[in-house]
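> Have a look; sequence and predicted model below, questions after that.
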Amino acid sequence: MSDFQTLADRVEIEALRGEFTDAVMMRDYDRIALLFTPDGALRMPNIPVELEGREAIRAWGRRVPDVVEFLVQNTHPGMIRLAGDTASGRAYISEVGRVRDGRGGLNYAIYHDRYQRTGDGWKFAERVYEVRYEDTTTPVGSPPRPAGGS
(Lines give C-alpha, C1' and ligand atoms only; values in the text may rest on other atoms or scores of the structure.)
Protein backbone atom coordinates (compact mmCIF):
# COMPACT_ATOMS: atom_id res chain seq x y z
CA MET A 1 0.00 0.00 0.00
CA SER A 2 1.36 3.40 -0.94
CA ASP A 3 1.92 6.15 1.58
CA PHE A 4 -0.77 8.13 -0.25
CA GLN A 5 -3.26 5.27 0.14
CA THR A 6 -2.47 4.98 3.85
CA LEU A 7 -3.03 8.70 4.30
CA ALA A 8 -6.26 8.59 2.27
CA ASP A 9 -7.55 5.64 4.34
CA ARG A 10 -6.85 7.44 7.59
CA VAL A 11 -8.60 10.61 6.39
CA GLU A 12 -11.63 8.60 5.20
CA ILE A 13 -11.91 6.70 8.50
CA GLU A 14 -11.64 9.94 10.47
CA ALA A 15 -14.38 11.42 8.26
CA LEU A 16 -16.54 8.34 8.96
CA ARG A 17 -16.15 8.89 12.70
CA GLY A 18 -16.99 12.59 12.31
CA GLU A 19 -20.05 11.73 10.22
CA PHE A 20 -21.25 9.41 13.00
CA THR A 21 -21.01 12.17 15.63
CA ASP A 22 -22.79 14.63 13.35
CA ALA A 23 -25.59 12.14 12.68
CA VAL A 24 -25.96 11.47 16.44
CA MET A 25 -26.18 15.20 17.17
CA MET A 26 -28.72 15.67 14.37
CA ARG A 27 -30.66 12.54 15.45
CA ASP A 28 -30.37 11.22 11.91
CA TYR A 29 -30.56 7.49 12.56
CA ASP A 30 -31.15 6.64 8.90
CA ARG A 31 -27.75 8.20 8.16
CA ILE A 32 -26.16 6.44 11.16
CA ALA A 33 -27.39 3.08 9.86
CA LEU A 34 -25.79 3.73 6.46
CA LEU A 35 -22.41 4.31 8.11
CA PHE A 36 -22.34 0.59 9.01
CA THR A 37 -21.81 -2.43 6.79
CA PRO A 38 -25.10 -4.27 6.13
CA ASP A 39 -24.31 -6.71 8.97
CA GLY A 40 -22.49 -4.13 11.11
CA ALA A 41 -23.02 -3.99 14.86
CA LEU A 42 -23.44 -1.16 17.36
CA ARG A 43 -22.96 -2.35 20.94
CA MET A 44 -23.53 -0.24 24.06
CA PRO A 45 -23.23 -2.63 27.03
CA ASN A 46 -23.91 0.06 29.66
CA ILE A 47 -27.40 0.81 28.27
CA PRO A 48 -27.60 -2.28 27.43
CA VAL A 49 -28.10 -2.33 23.67
CA GLU A 50 -26.82 -4.82 21.09
CA LEU A 51 -27.78 -3.86 17.55
CA GLU A 52 -26.82 -5.96 14.55
CA GLY A 53 -27.59 -4.83 11.03
CA ARG A 54 -28.67 -1.52 9.58
CA GLU A 55 -32.39 -2.02 10.16
CA ALA A 56 -31.87 -2.75 13.87
CA ILE A 57 -29.77 0.41 14.20
CA ARG A 58 -32.36 2.46 12.30
CA ALA A 59 -35.30 1.06 14.32
CA TRP A 60 -33.58 1.69 17.66
CA GLY A 61 -32.75 5.23 16.59
CA ARG A 62 -36.37 5.98 15.80
CA ARG A 63 -37.21 5.30 19.48
CA VAL A 64 -34.41 7.47 20.92
CA PRO A 65 -36.27 10.83 20.75
CA ASP A 66 -39.08 9.33 22.85
CA VAL A 67 -36.58 8.56 25.62
CA VAL A 68 -33.75 11.11 25.31
CA GLU A 69 -34.52 14.77 25.93
CA PHE A 70 -31.09 15.92 24.77
CA LEU A 71 -27.63 14.55 24.14
CA VAL A 72 -24.46 16.44 23.27
CA GLN A 73 -21.63 14.22 22.08
CA ASN A 74 -18.07 15.36 21.38
CA THR A 75 -15.70 12.95 19.70
CA HIS A 76 -11.94 13.22 19.95
CA PRO A 77 -9.62 11.42 17.52
CA GLY A 78 -7.96 8.24 18.63
CA MET A 79 -5.77 5.65 17.01
CA ILE A 80 -6.32 3.89 13.68
CA ARG A 81 -4.59 0.63 12.76
CA LEU A 82 -4.85 -0.27 9.06
CA ALA A 83 -4.73 -3.84 7.76
CA GLY A 84 -5.54 -3.80 4.05
CA ASP A 85 -9.31 -3.61 3.56
CA THR A 86 -9.98 -3.75 7.31
CA ALA A 87 -8.91 -1.52 10.15
CA SER A 88 -9.43 -1.04 13.86
CA GLY A 89 -9.38 2.05 15.99
CA ARG A 90 -10.58 3.99 18.96
CA ALA A 91 -12.32 7.34 19.37
CA TYR A 92 -12.77 9.14 22.67
CA ILE A 93 -16.14 10.57 23.65
CA SER A 94 -17.47 13.09 26.13
CA GLU A 95 -21.23 13.36 26.47
CA VAL A 96 -23.81 15.22 28.48
CA GLY A 97 -27.47 14.37 28.28
CA ARG A 98 -30.77 13.83 29.99
CA VAL A 99 -33.52 11.29 29.45
CA ARG A 100 -37.17 12.30 29.65
CA ASP A 101 -37.66 10.83 33.13
CA GLY A 102 -35.18 13.43 34.45
CA ARG A 103 -32.12 11.21 34.85
CA GLY A 104 -28.98 12.29 33.10
CA GLY A 105 -25.36 13.05 33.52
CA LEU A 106 -21.95 13.37 32.03
CA ASN A 107 -19.70 10.58 30.84
CA TYR A 108 -16.40 9.94 29.15
CA ALA A 109 -16.19 6.88 26.97
CA ILE A 110 -14.30 5.08 24.23
CA TYR A 111 -15.61 3.73 20.96
CA HIS A 112 -13.74 0.56 20.07
CA ASP A 113 -14.13 0.26 16.30
CA ARG A 114 -13.66 -2.23 13.50
CA TYR A 115 -13.83 -0.78 9.99
CA GLN A 116 -14.33 -2.38 6.58
CA ARG A 117 -13.49 -0.92 3.17
CA THR A 118 -16.54 -1.27 0.90
CA GLY A 119 -17.48 -0.13 -2.59
CA ASP A 120 -19.03 2.91 -0.87
CA GLY A 121 -15.93 3.71 1.19
CA TRP A 122 -15.02 2.82 4.76
CA LYS A 123 -17.88 1.67 7.02
CA PHE A 124 -18.18 0.50 10.60
CA ALA A 125 -18.17 -3.28 10.88
CA GLU A 126 -18.56 -2.90 14.65
CA ARG A 127 -18.66 -0.02 17.11
CA VAL A 128 -18.54 -0.84 20.84
CA TYR A 129 -19.19 1.92 23.38
CA GLU A 130 -17.27 1.59 26.66
CA VAL A 131 -18.02 4.09 29.44
CA ARG A 132 -14.90 4.91 31.46
CA TYR A 133 -16.32 7.62 33.74
CA GLU A 134 -19.89 8.50 34.61
CA ASP A 135 -21.29 11.35 36.68
CA THR A 136 -25.00 10.71 37.23
CA THR A 137 -25.65 14.19 38.60
CA THR A 138 -28.61 15.40 36.59
CA PRO A 139 -27.62 18.33 34.37
CA VAL A 140 -29.45 21.49 35.42
CA GLY A 141 -29.10 23.16 32.05
CA SER A 142 -31.37 22.67 29.07
CA PRO A 143 -31.38 23.03 25.34
CA PRO A 144 -31.89 26.67 24.34
CA ARG A 145 -35.44 27.70 23.66
CA PRO A 146 -36.29 29.27 20.29
CA ALA A 147 -35.78 33.03 20.18
CA GLY A 148 -38.97 34.87 21.06
CA GLY A 149 -40.55 31.74 22.52
CA SER A 150 -42.03 31.57 25.98
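Now that the structure is in, tell me what you want to look at.

> From now on I want contacts and neighbour counts done on CA atoms only, so please keep to that.
OK.

> Work out for me the element residue 14 sits within.
In the assignment (DSSP states H and E), residue 14 maps to helix 3-25.

> where does residue 62 land in three-state SS?
For residue 62, the assignment made with DSSP: H, G, I helix; E, B strand; the rest coil gives helix.

> Contacts for the helix holding residue 14, please.
Here helix 3-25 makes contact (CA atoms under 8 Å, 6 or more residues apart in numbering) with 29, 31-32, 35, 71-75, 77, 80, 82, 91, 115, 121-123.

> For the buried ones among those, write the corresponding PyMOL selection.
Remark: buried members of the contacts of helix 3-25, expressed as a PyMOL selection using 16 or more other CA atoms under 10 Å:
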select buried, resi 29+31+32+35+71+73+75+80+91+115+122+123
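
> Can you list the neighbours in contact with the helix or strand following the helix holding residue 14?
As assigned by DSSP H and E, the chain's next helix or strand after helix 3-25 is helix 29-34. Helix 29-34 is contacted by residues 20, 23-24, 54-55, 57-58, 61-62 when judged by CA under 8 Å, 6+ apart.
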